[in-house]
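>>> this one's structure only:
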């Protein structure tokens with residue numbers, strides 16, 4: 001692969017620092033890297049590939065005269081709304097981790113194992129899906145291709161790292177008996193059926209992200225999707241119970257074989273030995289772990305899955321870097 005110049009926006013945040021780690025681990029072909037953040041973090045020195053990089057304050061001229069080809073954004077929706085179009089206007093391809101552009105009909109929403117060709121339709125901005133949606137899409141895509149998804153029911157158990165450092169702090173403080181300062185209720189020894197804001201229909205924004213993003217990524221708006229998302233006292237890695245109803249009948253053995261032969265999936269399903277995907281095992285890895293695979297006897301063509309993945313890596317940073325790799329693979333930068 002040719003070497004490119006890369007910008008990291010939000011470089012000092014939880015996902016931004018994971019961008020750095022993943023880029024190094026995957027030997028992404030970088031010639032020069034630029035790091036940007038808010039004024040508060042500007043001046044911070046961050047190591048990348050053995051070099052000390054000084055983080056710059058993001059402004060309207062940050063992308064001028066730097067010959068940047070790819071920018072990875074993870075600094076929140078308002079920052080992406082303002083600065084992603086500026087970067088794109090300079091010929092930079094933006095891979096954005098916020099929710100700002102995901103449902104824009106002109107912006108591809110990409111999970112590389114699922115719809116890699118979608119990157120070819122970009123107009124300067126590509127959206128990284130929601131973390132809980134990304135890990136679900138990896139097993140759902142091959143099953144949808146074989147049997148046709150009729151209905152999807154998501155129940156998620158999401159780690160506090162999905163809220164960033166403030167969520168992690170609330171959990172750590174709560175374990176020590178200190179009051180919560182970020183979540184509306186204590187998260188330690190508790191579960192909160194409340195992720196993001198509530199909408200008029202009674203669902204949270206997080207739940208509606210999963211509903212809408214599933215249909216866009218799979219390019220099938222006839223699938224019936226519902227979701228309940230829950231914050232749990234786990235530091236890293238999201239867990240999901242996913243109930244699927246197909247249009248076609250299936251053999252359970254074929255479900256196992258399909259998932260075992262899908263890129264990016266590790267099947268862990270041996271209940272006799274108490275072996276099934278665990279958040280504590282998925283943390284720090286890029287694979288999506290699937291287990292508790294069993295037929296749903298309450299419907300004609302139903303199956304239950306338990307899906308676990310590191311929400312900061314595959315659910316954010318790694319997926320974004322994989323998208324950047326696709327841009328190089330297809331010679332789009």
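Perfect, thanks for sending it. As the structure is a prediction and not an experimental result, all values here were calculated from the model.
>>> alpha carbons only for contacts and neighbour counts from here, please
OK.
>>> so who does residue 9 touch?
16, 35-37, 58, 71-75 (C-alpha atoms under 8 Å, 6 or more residues apart in numbering).
>>> go with 7 Å
The contact partners of residue 9, by C-alpha atoms under 7 Å, 6 or more residues apart in numbering, come to 35-37, 72-75.
>>> what bridges to it?
residue 36, residue 73 (DSSP bridges).
>>> how far away is it from residue 112?
Between residue 9 and residue 112 the computed distance is 21 Å (C-alpha to C-alpha, to the nearest Å).
>>> And residue 69, by the same measure?
19 Å.
>>> Just give me the longest helix of this protein.
In the chain, ranked by residue count with DSSP state H as the criterion, the top helix is helix 131-147.
>>> continuing past that helix, what's the next helix or strand?
Per DSSP states H and E, the first helix or strand lying C-terminal to helix 131-147 is strand 149-158.
>>> what packs against that following strand?
Strand 149-158 sits against strand 224-231, strand 238-246, with contacts defined as 3 or more C-alpha pairs under 7 Å, 6 or more residues apart in numbering; DSSP states H and E.
>>> which one of these lies closest to residue 136?
Ranking those by proximity to residue 136 (C-alpha to C-alpha) places strand 238-246 first, at 7.9 Å.
>>> This structure: strands as residue ranges?
Counting by DSSP state E, the chain has strands at residues 4-9, 30-37, 45-48, 51-54, 56-57, 70-73, 93-96, 125-127, 149-158, 224-231, 238-246, 265-267, 288-296, 302-309.
>>> Which residues belonging to the fourth one are considered buried?
Right, strand 51-54. Within strand 51-54, the residues scored as buried using 16 or more other C-alpha atoms under 10 Å are residue 53.
>>> Now find how far off-centre that strand is within its chain.
From the chain centre to the centre of strand 51-54 is a distance of 27 Å (C-alpha atoms, centre = their mean, to the nearest Å).
>>> Mean confidence (pLDDT) on the longest helix of the chain, please.
Helix 131-147 carries an average pLDDT of 98.
>>> Of the strands of the chain, which is nearest residue 211?
Residue 211 sits nearest to strand 224-231 of all the strands of the chain, at 5.4 Å, using C-alpha to C-alpha.
>>> quick one: that closest one to chain centroid distance?
What separates the centre of strand 224-231 from the centre of its chain is 16 Å, taken as C-alpha atoms, centre = their mean.
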